[in-house]
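Chemist: below are the sequence and a predicted model; questions follow.
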Amino acid sequence: MDFSSAIQSKMRDVNDGSTEPFIIYRDNDGGWHCDHTQNQYGEKFDWVEEVKAQDPLALFYTGADFSKASFPSVYDTILCDRIRAEYYIARSSGKDDDNLHALVCYFNDNVSSFSHETTDYLTTLERPLAALQEMTPYNMATDYEGYEYNPSMTKDLADRIEHEVRDRLRTQTDKIAQEIQILDGYRELNKISINDSDVILSENPDAEYRYMVIENRYTQYYNDSGDNITYAGQTNDYLEAVSEFTKRVQYNADCVQSRRDSHQRMDGVDYIELKNNDCLPGSDREDFTGKLIIVKSSELKPEYRSSENQLVLCSHGNGARPNAIGTSVFGTELYTGATVCYGRHQIAGIADHDKLPVWAVKKLALMEALKAPGVFEYGGDHFKPHRTF
């Protein structure tokens, strides 16, 4: 099981305040285990010492240690404790330094501000602290009185770690994708993602038809099930396959362009990409609740990197508040009114109203005039896809 599932298996102990000891550890294959360490008579199982030898970062707890904490709090605490355990091992072997200590303190103080993508990635590693050190390009130690690490570097370091993890995960995905067979032994030759679809050209030299073109449309809403292959055609003629591939890519590109033209014609929406300097200075560290926020364009697929997809009226979410446990930011798109959810790390900040595109100014004025209900309320029957990579 993964790290989250292992912790979830002991949440009943946490909620009950159980004093029965358990151990959480990672096996040699990267799987996680969270097991009680003694029998009903209080006798420790023989295998416990073997597990501790196999995973030096294994940790012992009881449910009562967490004082009925929430799942995110237990998750963050155990991850930070493993990183701290790795630090103690480094220190005992003579590898301690001020920078490593500062990095441990920094992560402990800021773990809740990282995306689930980043923390989940760290739990897959045998040595998460070593990975954090690799991703930190400068010394975090400080001479500031009362500080264990340099506070002026925290925001930049968080962004660097988030981007580095994202790059590492994409690299892993690319390597896996090269080995995965698409269908019946067909391997991917080319893929273009556009208009919520993947158009794939694949080949199987041993099949009756050597080439296959697939169009795979993403799920429309979170509560719909699975992906949907809307087209699969086969041929032995490479040029015919390429022609079909490019035709379907062009069709989807035309659909995107048609929507843009419609938005321009009906609402005066220009294809404008909003940047960090379109936000109020320092607003990425403020409370987003009830504010008009800007989604980072780098977090959206290329065809969605424009203002009508970036401007969101934030309604709620733990991630809306700085330094809160949890990262989810909920709201409604200003242009479509659709309910969306992003991670706090995907938000550039609060929009500077003096730099808004004309269509957005008009939209806000109309909403104010109509006193539109539900703008800052929870809800919506469906979530729109993130439309992110």
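Modeler: On my side now, so go ahead.
Chemist: now A348: which helix or strand?
Modeler: Per DSSP states H and E: A348 is located in strand 347-350.
Chemist: now I214
Modeler: Assigned by DSSP H and E, I214 belongs to strand 211-217.
Chemist: downstream of that strand, the next helix or strand is which one?
Modeler: Counting by DSSP H and E, what follows strand 211-217 is strand 228-235.
Chemist: mind giving me the packing neighbours of the very next helix or strand once past that following strand?
Modeler: Later in the chain than strand 228-235, the nearest helix or strand by DSSP H and E is helix 238-267. Contact analysis of helix 238-267 by 3 or more CB pairs under 8 Å, 6 or more residues apart in numbering; DSSP states H and E lists strand 187-194, strand 197-203, strand 211-217, strand 228-235 as its packing neighbours. The C-beta positions use only the backbone N, C-alpha and C, and glycine is treated the same way.
Chemist: any idea which of the ones you listed gets closest to M11?
Modeler: M11 lies closest, by CB to CB, to one member of the helices and strands packed on helix 238-267: strand 228-235, at 34.8 Å.
Chemist: what are the buried residues along the closest one?
Modeler: Neighbour counts using 16 or more other CB atoms under 10 Å place Q234, T235 of strand 228-235 among the buried residues.
Chemist: cool, and stretch 149-167?
Modeler: For stretch 149-167, by 16+ other CB under 10 Å, it's Y149, N150, M153, T154, L157, A158, I161, E162, E164, V165, R166.
Chemist: tell me the one of these nearest E215?
Modeler: Checking these one by one against E215 (CB to CB), the nearest turns out to be R166, at 26.7 Å.
Chemist: on that earlier part again, next one: the strand holding I214 to chain centre, how far?
Modeler: If you compare the mean C-alpha spot of strand 211-217 with that of the full chain, they lie 27 Å apart, counting by CA atoms, centre = their mean, to the nearest Å.
Chemist: residues in contact with that strand: which ones?
Modeler: 182-183, 186, 196-204, 227-238, 240-241, 244-245, 248 (CB atoms under 8 Å, 6 or more residues apart in numbering).
Chemist: quick check, central residue of this structure?
Modeler: E117 (3.8 Å; CA atoms, centre = their mean).
Chemist: got the domain ranges for this structure?
Modeler: The chain breaks down by automatic domain parsing into domains covering 3-174, 185-267, 276-370.
Chemist: need the three-state assignment for the residue lying farthest from the centre of the chain.
Modeler: Relative to the C-alpha centroid of the chain, counting by CA atoms, centre = their mean, Y41 is the outermost residue, at 43.6 Å. Following DSSP: H, G, I helix; E, B strand; the rest coil, Y41 is assigned to coil.
Chemist: that one and S115: what is the separation?
Modeler: Distance of Y41 to S115, given as CB to CB, to the nearest Å: 44 Å.
Chemist: just to revisit the earlier point, just the mean pLDDT for the strand holding I214, thanks.
Modeler: Strand 211-217 shows a mean pLDDT of 88.
Chemist: partner strands of it and their direction?
Modeler: Next to strand 211-217 in the sheet, as set by DSSP bridges, lie strand 197-203 (antiparallel), strand 228-235 (antiparallel).
Chemist: ranges for the strands of this protein?
Modeler: 22-26, 32-36, 59-61, 187-194, 197-203, 211-217, 228-235, 292-295, 311-316, 328-333, 339-343, 347-350 (DSSP state E).
Chemist: deepest of the ones you listed, which one?
Modeler: When you average the neighbours per residue for each of those (mean count of other CB atoms under 10 Å), strand 292-295 leads with a mean of 24.
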